[in-house]
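In: Structural data only, the sequence is not supplied:
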């Protein structure tokens, strides 16, 4: 009975972002399209990362994955910090929900939001350049794993933060830089040797690179290596998240 009540909480979390879908879904899609228009227009005829793949085609999967990651993180983190600051978190604390139910509901809703935004970005941007689907299995695997990992990280951030300033710092100084430096707009093989090695320490890079491999069948590293790195990262973050939820970290104070 560890998951009893998880469905209700999951439904509540999905409704929370769906009620303001213009802000939570439409706005990120518009932002990604603006990135595409600016970078694609400037670099389309100057950069070819993979043979036979135009820069705009290369850019689209990166923007899709970036949108998935950022919005999955934003959903769980914003929900928890808002509940803590407004005080309505108490209505969840008095229920017999287990930490597993909390985890499944918050991370599950984050995955839904991240994947919906990602699908919206792809549906709009795919008209700007020809796309291929060489290995669609990788697309599904990395989109789901990436969204789950970032949803879990969002729960950690939401539990840790006590005010909106701390949450903004977490997102602006950790999530945002790691996302932008993950090869969304470029191939890491074009970097100097030192920065190439630094990029390989960024787990976000493996999410983006593995996801892009599903479209073109080409990537900077093997998708199996990316899967191993992302899988280990997800397992570690999920374990930490569950431990914090089980202990009531910064919830029962």
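Out: Received, thanks. Since we're looking at a predicted model, the values are computed, not measured.
In: Could you tell me how far residue 4 is located from residue 222?
Out: In this view, residue 4 and residue 222 are 41 Å apart by CB to CB, to the nearest Å. Using the backbone N, CA and C atoms, a C-beta is placed for each residue, glycine as well.
In: Correction: the previous question concerned residue 240.
Out: Residue 240 is 27 Å from residue 222, by CB to CB.
In: Residue 20 too?
Out: 40 Å.
In: swap in residue 146?
Out: Using CB to CB, we find residue 146 at a distance of 17 Å from residue 222.
In: now swap in residue 70 and tell me
Out: Using CB to CB, residue 70 is found at 26 Å from residue 222.
In: higher neighbour count, these two?
Out: For residue 70 versus residue 222, neighbours defined as other CB atoms under 10 Å are more numerous around residue 70 (21 against 12).
In: Next up, identify which helix or strand that one is on.
Out: Using DSSP states H and E, residue 70 sits within helix 55-86.
In: Relative to the whole chain's centre, how far out is the helix or strand just after that helix?
Out: Next in sequence after helix 55-86, counting helices and strands by DSSP H and E, comes helix 90-93. Centroid separation for helix 90-93 versus its chain: 27 Å, with CA atoms, centre = their mean, to the nearest Å.
In: what's the answer for stretch 198-215, then?
Out: Distance, stretch centre to chain centre, for stretch 198-215: 12 Å (CA atoms, centre = their mean).
In: Ok, stretch 102-110 next?
Out: Centre-to-centre, stretch 102-110 and its host chain are 14 Å apart (CA atoms, centre = their mean).
In: from now on call the first residue 31
Out: Got it, first residue is 31 now, which makes that one stretch 132-140.
In: average pLDDT across it?
Out: Per-residue pLDDT values over stretch 132-140 give a mean of 96.
In: Any figure for the gap between residue 81 and residue 248?
Out: Distance, residue 81 to residue 248, using CB to CB: 8 Å.
In: To clarify, my last question referred to residue 242.
Out: In terms of CB to CB, residue 242 sits 8 Å off from residue 248.
In: out of these two, which sits in the busier spot?
Out: When neighbours are counted by other CB under 10 Å, residue 242 and residue 248 differ, and residue 242 comes out ahead with 31 against 17.
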